[in-house]
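S.K.: have a look; sequence and predicted model below, questions after that.
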Amino acid sequence: MNSAILYSFRRCPYAMRARIALHLSTLNPYIREIELKNKPDEMLAVSAKGTVPVLITADGSVIAQSIEIMQFALTQHPDLTSPWLSPNTYQTLLNNISTPQTNELINANDNDFKPWLDKYKYADRFPEQSQTWYRQQAELFLQLLEEKLAQQAYLCADSPTLADFAIFPFIRQFANVEPQWFATKPYPKLSQWLSQLVNSPLFLAVMQKTPLWLPQRNIMKLKQA
C-alpha cells in the first residue's frame with residue numbers, strides 16, 4: 001500500500017470525510033495537498049473533474065468520489081485495532097456502512113442539504129433570495145438530524161458510524177457561516193453531536209496541516225508516526 005496517493009484539500013468537507021475513513025483504515029497513502037487554483041496536472045490526468053478527494057490505490061485504480069473512498073477504506077482495509085475507536089464501536093461502524101438509513105442520510109446531505117448550504121454560505125452569488133431564506137431551506141435537514149439525535153447519541157447508533165463521519169464536516173461548515181446565530185438556535189442535540197465530533201482526537205489528527213505538494217512535490221504520508 002506504500003504507493004497509494006491521496007489528492008486532498010484540507011478545508012474541503014468531501015476531502016475531510018475521505019481522510020477520516022483513511023485514518024480509520026490500515027491504509028496510509030502519500031498525501032498531496034493541493035491548491036484549488038493550482039491543480040496538479042497529475043491529478044487532472046487521472047480525474048478530469050478536477051475536484052478532491054482523489055485516491056489512487058496501490059494497483060493504480062482511481063477512486064474520485066469521497067463516499068466511495070470511505071467505503072473502500074473501511075470495507076477493504078478495516079483497522080480492527082484502530083486507536084480511534086474501541087473494538088465494539090468499530091464493529092458498529094462496519095455494520096452500518098451500507099444500511100438503508102445510512103444511504104438515505106448521506107444522500108439527503110449530499111443532494112439536498114449541500115446545495116442549500118452553498119447558497120447560504122455564498123448568498124451574494126445567488127441574489128434571487130436572501131441569505132436567511134437559503135438558511136431556512138438548509139435548516140430542514142438540521143431538523144431531521146435533531147430528531148435522529150433525540151433518539152440516540154449518533155445518527156444511526158449510540159456510537160459514530162459512516163453517516164456521522166460523512167455528514168458532520170458539512171454541518172461544521174454550516175455552523176461556521178454564522179456561528180453566533182447557530183449557537184442560539186434550538187438544535188441542542190445537533191450542537192452536542194457536532195462538538196463531540198469536531199473536538200475528537202480523530203478529527204484533530206485529520207485536520208493537521210500538510211505542506212502543499214506543489215511546487216516542491218513534498219513526499220509525506222497521510223498518517224504521521
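M.R.: The structure has been received and is ready for your questions. Quick caveat: nothing in here was measured; it's all calculated off a predicted structure.
S.K.: so where's the protein uncertain?
M.R.: 1-2, 225 (pLDDT under 70).
S.K.: return the residues in contact with the residue of the chain most remote from its centre.
M.R.: Distance from the C-alpha centroid of the chain peaks at residue 128, with 29.2 Å (C-alpha atoms, centre = their mean). Applying C-beta atoms under 8 Å, 6 or more residues apart in numbering, one finds that residue 128 lies in contact with no residue. For the C-beta atoms, the positions are set from N, CA and C on the backbone; glycine is no exception.
S.K.: any idea how far residue 134 is from it?
M.R.: Plainly put, residue 128 is 9 Å away from residue 134 if you go by C-beta to C-beta, to the nearest Å.
S.K.: can you check residue 153 too?
M.R.: Residue 153 is 30 Å from residue 134, by C-beta to C-beta.
S.K.: next one: residue 203
M.R.: Taken as C-beta to C-beta, the span from residue 203 to residue 134 is 27 Å.
S.K.: just the helices from the protein, written as ranges.
M.R.: 13-23, 41-46, 66-76, 87-95, 100-107, 114-121, 131-149, 162-175, 179-184, 188-198, 201-206 (DSSP state H).
S.K.: report the angle between the fifth one and helix 87-95.
M.R.: Between helix 100-107 and helix 87-95, the angle comes out at 70 degrees (axes from the mean of the first three to the mean of the last three C-alpha atoms, to 10 degrees).
S.K.: got the angle for helix 100-107 vs helix 13-23?
M.R.: Going by the same axes, to 10 degrees, helix 100-107 makes 140 degrees with helix 13-23.
S.K.: so how far is helix 100-107 off the chain centroid?
M.R.: Taking C-alpha atoms, centre = their mean, to the nearest Å, one finds helix 100-107 lying 15 Å from the centre of the chain it belongs to.
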